[in-house]
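here is my input; please provide its structure:
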Amino acid sequence: MDAQALKDSWHLVARSGDQVPLFFYSALFLMYPETRDMFPVSMATQRDRLVGALGRIVSNVDRVDELVPLLQQLGRDHRKFAVVAEHYPAVGHALVTTLKHFLGDRWTPELANDWTQAYELVAKVMTEAAAEAAIATPPWWEGEIIGYEQRTLGTAVIRARLNYPYPFRPGQSASFSFALRPKLWRFYSFANAPRQDNTIDLHVQVVDGGTVSTALVHGTQRGDLLRVGAAVGERLTLNPNLPRDLLLIAGGTGLAPLKALVEQVAYEGPMRRVHLFVGARTYRELYDLEALAKLDAQHPWLTVVPVVSHDPFYRGERGYVVDTALRAWRGQEVFVCGSGEMVQATVARLLDAGVPHEQIRFDEFTTGEGKEP
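Residues are numbered from 1 along each chain as shown. Next up is the predicted model:
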């Protein structure tokens, strides 16, 4: 299997942009019409995800050690779409058909064999992981919404109670589907540490064109049901073998997983000191300020500092949250969470200020509509 040939051919195919997923799904649904019911009615947000992920994964199949954990996670998570082993050959056939179409004369029997072998390896890892997970866990959990607060015009805090015990670590996230938007799944981080009553908190912000976030913020009522996929992600979880003090920098609803870390430290005992810096453009956007003030008052090891960047009437800390946080940095492990733009700018500023890269943990939590792995 020629890994470089796989990468080069995918690079050529990717130049065709949106035409690639459009052709892929057309081929998949024409050749295997039974797969259409697995996808939402509107494919506007879905169409580039599957084929793009497949192309990147298969063309990098030479990095087996890095890919296997990701593929296992994807295999377990895709059970929520009712994907079974019999669906993988259909997707592989559609992928090869798509590659052949866009590569034209560059498509050779050798390249066809390389792509087929690579995809079969990917499918094998994913199906085995899914089968193993099916022994112990459901494809999704159901949660009943028991609490809803709209904190700002476009931000809500939602509490749901899950029907079965749900294993997750503070700092992780999961994919969610809402009854008002069936078959659409979006990733959100948990805003709490695990609880005995199986409740979870979500912080949701509406984004432009965000169908799921809009439904959750403006269409949620108590008693509504959520579907919740398995917990994923390790980037924002604490290392129990490294009980270093923490400096947490949050932007927008990127506060959610960092608040979960604060709860974890509270449950485990004050082995660490924690500074939590919460950034917003205006005072009104500090949607969780009351709850954070209560946490700050309860725990002497915790310091919460709200920071506002674009509100001349705000009497507290003003400026960019990273600059305020740097004044408190004394070698702590730094966690950053917010929009992609906020995370990129914050990490760059931390590095420029001399914070070692290995002490910076971050995840690009796309506020509102969630994230896709």
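
in which helix or strand does Ser177 reside?
Assessed by DSSP states H and E, Ser177 sits inside strand 173-178.

buried stuff in stretch 91-109?
Applying a neighbour-count criterion of 16 or more other C-beta atoms under 10 Å, one finds 91-99, 101-103, 107 buried in stretch 91-109. C-beta: built from backbone N, CA, C; applies to glycine.

of all these, which comes closest to Glu149?
Closest approach to Glu149 among those (C-beta to C-beta): Val91, at 40.9 Å.

helix/strand/coil for the closest one?
helix (DSSP: H, G, I helix; E, B strand; the rest coil).

which residue packs closest to it, ignoring adjacent ones?
What sits nearest to Val91 in space, not counting adjacent residues and going by C-beta to C-beta, 6 or more residues apart in numbering, is Leu28, at 6.8 Å.

so the one you found sits against Gly92, correct?
No: using C-beta atoms under 8 Å, Leu28 makes no contact with Gly92, being 10.3 Å away.

show me where pLDDT drops low in the stretch 1-150 of the chain?
40-52, 56 (pLDDT under 70).

going along the chain, name the strands of it.
Per DSSP state E, counting those that start in this stretch, the stretch 1-150 of the chain carries strands over the ranges 141-152.

before we move on, back to that, residues touching the residue nearest to Val91, list them.
35, 90-91, 94 (C-beta atoms under 8 Å, 6 or more residues apart in numbering).

Leu28 and Ala118, how far apart?
Distance from Leu28 to Ala118, counting by C-beta to C-beta, to the nearest Å: 18 Å.

repeat that for Pro138.
Pro138 is 31 Å from Ala118, where distance means C-beta to C-beta.

following the strand or helix carrying Leu226, which helix or strand comes up?
Secondary-structure element containing Leu226, defined by DSSP H and E: strand 225-228. Next in sequence after strand 225-228, counting helices and strands by DSSP H and E, comes strand 246-251.

distance from that following strand to the middle of the chain?
18 Å (C-alpha atoms, centre = their mean, to the nearest Å).

likewise stretch 74-89?
Centroid separation for stretch 74-89 versus its chain: 19 Å, with C-alpha atoms, centre = their mean.

can you tell me what sits against it?
Applying C-beta under 8 Å, 6+ apart, the set of residues contacting stretch 74-89 from outside is 35, 38, 53, 123, 125-131, 133-134, 137, 139-140, 175, 177, 185, 227, 229-230, 232, 373.

swap the cut-off to 7 Å and go again
With contact meaning C-beta atoms under 7 Å, 6 or more residues apart in numbering, stretch 74-89 is reached by 35, 38, 123, 125-127, 129-130, 133-134, 139-140, 175, 185, 227, 229-230, 232.

again, but for stretch 239-257
Outside stretch 239-257, the residues that reach it (C-beta under 7 Å, 6+ apart) are 155, 171, 173, 189-191, 203-205, 236, 258, 261, 271-279, 288, 321-322, 325, 328-329, 332-339, 342, 346, 365, 367-368.

of the residues you listed, which belong to strands?
Counting by DSSP state E, the contacts of stretch 239-257 place 155, 173, 189, 203-205, 274-279, 333-338 in strands.

thinking again about what came up before, show me which of Pro138 and Ala118 is the more surrounded one.
Counted by other C-beta atoms under 10 Å, Pro138 and Ala118 do not tie: Ala118 has more neighbours, with 22 against 16.

circling back to that earlier point, now the contacts of Leu28 as TSV including distance to Thr303?
What follows is the contacts of Leu28, written out as TSV (distance: C-beta to C-beta, whole Å):
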residue	distance to Thr303
Thr35	52
Ala90	54
Val91	50
Ala94	53
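
mind giving me the packing neighbours of the strand holding Leu226?
If contacts are counted by 3 or more C-beta pairs under 7 Å, 6 or more residues apart in numbering; DSSP states H and E, strand 225-228 sits against strand 141-152, strand 173-178.

show me what it pairs with in its sheet, parallel or antiparallel.
strand 141-152 (antiparallel), strand 173-178 (antiparallel) (DSSP bridges).

picking up where we left off before, contacts for the strand holding Ser177, please.
For strand 173-178, the external contacting residues (C-beta under 7 Å, 6+ apart) are 77, 80, 184-190, 212, 215-216, 226-233, 257.

adding distance to Gln298, write the buried residues of stretch 91-109 out as CSV.
Below are the buried residues of stretch 91-109 laid out as CSV (distance: C-beta to C-beta, whole Å):
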residue, distance to Gln298
Val91, 50
Gly92, 54
His93, 58
Ala94, 55
Leu95, 53
Val96, 58
Thr97, 59
Thr98, 56
Leu99, 57
His101, 61
Phe102, 58
Leu103, 61
Trp107, 64
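
of all the residues you listed, which comes closest to Gln19?
Proximity to Gln19 was ranked across those by C-beta to C-beta; first place goes to Phe102, at 7.7 Å.

surely that closest one is in contact with Val20?
Yes: assessed by C-beta atoms under 7 Å, Phe102 is found in contact with Val20 at 6.4 Å.

just the helices in this protein please.
Assigned by DSSP state H, the helices in the chain fall at 3-14, 19-31, 49-59, 64-77, 87-103, 109-136, 211-218, 255-268, 289-298, 321-326, 340-352.

flag every buried residue along the longest one.
For helix 109-136, the buried set under the neighbour-count rule, 16+ other C-beta under 10 Å, comprises 111, 114-116, 118-119, 121-123, 125-127, 129-130, 133.

cool, and stretch 258-269?
Neighbour-count burial for stretch 258-269, with 16+ other C-beta under 10 Å as criterion, is recorded at 258-266.
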